[in-house]
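In: Make a model of this:
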Amino acid sequence: MTISWTAAHVAAISPSPVGIAPITDKDFSSVASDLGIWDAWPIQRRDGVPLATACGGELWMALGAPRFDDPDARHGHARIHLLRYQNGIWSDLGPAMPDGFSPGSREWSGSAIADEATGDVTLYFTAAGRRGDNGLTFEQRMFSARADLGRDSRLADWRDLREVIPPAPDWYMATTGGGGIGTIKAFRDPAYFRDPADGGHYLFFAGSMAGSISAFNGVVGVATAPADRPDDWTVKPPLIAADGVNNELERPHVVHHQGRYYLFWSTQAHVFNPEGPTGPTGLYGMVADALAGPWRPINGSGLVFANPPEAPAQSYSWMVLPDLRVTSFVDNWGGGAERRFGGAFAPFVQLWLDGDAAGVLA
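Out: Numbers count the residues shown, from 1 in each chain. Sure, this is the predicted structure:
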């Protein structure tokens with residue numbers, strides 16, 4: 001059953017919502033001098049816990065591109081990079097997949113799961129555009145691929161590339177139209193989750209509602225696979241719909257905590273319907289007692305936390321881990337009219353969850 005995130009929910013956001021701390025230049029550093037990174041995720045076990053590597057630390061992936069005078073140009077050059085996180089330090093290990101392997105002209109967000117028995121890593125990712133199109137289109141397709149994880153923490157022998165979530169035009173709009181940043185339609189960001197209740201497999205993704213008459217028609221989509229056939233995916237109708245309210249429910253993902261399911265997504269102030277009501281750039285979500293729902297907006301409105309009012313775009317693309325640490329990247333930090341793109345990992349935020357309520361630990 002599809003649950004609506006409505007204008008009434010957004011109107012319930014407090015005039016002074018829970019905010020995260022302002023970020024200063026002392027709070028982050030670049031992964032590499034010539035590399036900007038944004039959307040990030042760890043290689044996880046199937047239970048969601050980040051994989052501890054034989055070399056120590058964790059392996060993560062993030063979208064990366066050279067630094068440009070116009071930070072928005074990065075979206076046309078995005079590659080998925082492999083990174084090591086150890087003792088609080090991020091190290092770039094280079095592009096995760098070899099040149100020419102992805103079927104897109106760019107690589108956009110996804111998730112990665114490790115099979116500890118075989119050493120395989122399965123990457124679910126978005127291929128944007130088509131190889132050879134020079135980044136001129138915004139078509140999005142979702143694929144999976146496998147690689148071997150070596151003891152040196154490198155990925156090798158990429159194989160089994162396949163379109164894991166095919167188009168479903170009855171429920172999700174095509175992404176072959178035009179548009180620009182903030183207005184393009186979505187069919188991206190596959191995030192893996194295994195239900196501890198029955199072992200079933202899920203991919204949550206950002207989509208756009210088919211048949212909508214509104215330009216603001218973002219949804220959270222889902223595909224499912226049986227417990228004993230984790231590669232046998234079936235696309236389902238959207239779980240959450242923001243039709244008429246918001247254009248992008250980005251990077252949706254689920255965390256199971258104390259018997260409840262928490263579905264989180266990120267969205268930005270400028271992709272709300274300007275006819276209102278509108279919300280701030282922040283982490284949003286819903287909670288349910290089962291993946292089938294019904295889903296209820298966290299905190300009554302859906303907003304978990306927002307950027308501080310003095311720096312309303314300082315960070316973005318939040319991902320909640322099973323221990324309730326929250327990662328994101330530094331976007332336009334510091335506030336003011338000057339565009340200052342951080343292009344680096346933001347400080348982790350620690351979340352608390354209590355039933356239908358959520359917030360940030362001081």
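
In: Show me what the mean pLDDT comes to for stretch 302-316.
Out: Across stretch 302-316, the average pLDDT comes to 97.

In: residues in contact with it?
Out: Contact with stretch 302-316 is made by 5, 9-10, 13, 17-23, 38, 264, 266, 268-269, 279-286, 298, 328-335, 342, 346, 349, 351, 358-360, as judged by Cβ atoms under 8 Å, 6 or more residues apart in numbering. For glycine as for every other residue, the C-beta is placed from the backbone atoms N, C-alpha and C.

In: where are the low-confidence patches of this structure?
Out: Low-confidence segments of the chain (pLDDT under 70): 135, 178-179.

In: give me that answer again for 50
Out: For the chain, no stretch is flagged by pLDDT under 50.

In: Which of the contacts of stretch 302-316 fall in strands?
Out: Among the contacts of stretch 302-316, the ones falling in strands (DSSP state E) are 38, 264, 266, 282-286, 328-330, 349, 351, 358-360.

In: how about these, which pair is most distant?
Out: Distance extremes for the ones in strands among the contacts of stretch 302-316: the farthest pair is M286 and V330 at 26.7 Å, using Cβ to Cβ.

In: re earlier: buried members of the ones in strands among the contacts of stretch 302-316 into PyMOL, please.
Out: In PyMOL, a selection of the buried entries from the ones in strands among the contacts of stretch 302-316 looks like this (16 or more other Cβ atoms under 10 Å):
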select buried, resi 38+264+266+282+283+284+285+286+328+329+330+349+351+358+360
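
In: Pick the one among the ones in strands among the contacts of stretch 302-316 closest to D189.
Out: Nearest to D189 among these: S266, at 9.6 Å, using Cβ to Cβ.

In: wait, isn't that closest one in contact with N246?
Out: No. Counting by Cβ atoms under 8 Å, S266 sits too far from N246 to count as a contact (11.1 Å).

In: which residues are common contacts for the two?
Out: With Cβ under 8 Å, 6+ apart, S266 and N246 have no common neighbours.

In: Alpha carbons of stretch 48-67, in PDB - could you do that?
Out: The C-alpha trace of stretch 48-67 is given here as PDB (Å, rounded to 0.1, in the frame of the first residue of the first chain):
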ATOM      1  CA  GLY A  48      23.500  -3.700   7.400                       C
ATOM      2  CA  VAL A  49      26.600  -3.500   9.600                       C
ATOM      3  CA  PRO A  50      29.700  -2.100   7.800                       C
ATOM      4  CA  LEU A  51      32.100  -4.800   6.900                       C
ATOM      5  CA  ALA A  52      35.300  -4.900   8.900                       C
ATOM      6  CA  THR A  53      38.200  -5.600   6.400                       C
ATOM      7  CA  ALA A  54      41.200  -7.900   6.900                       C
ATOM      8  CA  CYS A  55      43.400  -4.900   6.800                       C
ATOM      9  CA  GLY A  56      41.400  -3.100   9.500                       C
ATOM     10  CA  GLY A  57      38.900  -0.400   9.200                       C
ATOM     11  CA  GLU A  58      36.000  -0.200   6.800                       C
ATOM     12  CA  LEU A  59      35.600   0.100   3.100                       C
ATOM     13  CA  TRP A  60      33.200   2.700   1.700                       C
ATOM     14  CA  MET A  61      32.100   3.900  -1.600                       C
ATOM     15  CA  ALA A  62      31.300   7.500  -2.600                       C
ATOM     16  CA  LEU A  63      30.500   9.500  -5.700                       C
ATOM     17  CA  GLY A  64      33.700  11.400  -6.800                       C
ATOM     18  CA  ALA A  65      34.800  13.800  -9.500                       C
ATOM     19  CA  PRO A  66      37.500  16.300 -10.100                       C
ATOM     20  CA  ARG A  67      36.900  19.700  -8.500                       C
END
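
In: Specify the residue positioned farthest from the middle of this structure.
Out: Computed with Cα atoms, centre = their mean, the residue of the chain farthest from its C-alpha average is R151, at 27.6 Å.

In: show me the contacts for that one.
Out: Counting by Cβ under 8 Å, 6+ apart, R151 has contacts 54-55.

In: Show me the helices in this structure, by range?
Out: 7-11 (DSSP state H).

In: which residue is nearest the middle of it?
Out: For the chain, the residue nearest the mean C-alpha position is R251 (2.5 Å; Cα atoms, centre = their mean).

In: what sits against that one?
Out: 39, 109, 189, 191, 206, 265-266, 317-319.

In: Could I get the contacting residues of P294?
Out: Taking Cβ under 8 Å, 6+ apart, one finds 1, 3, 288 in contact with P294.
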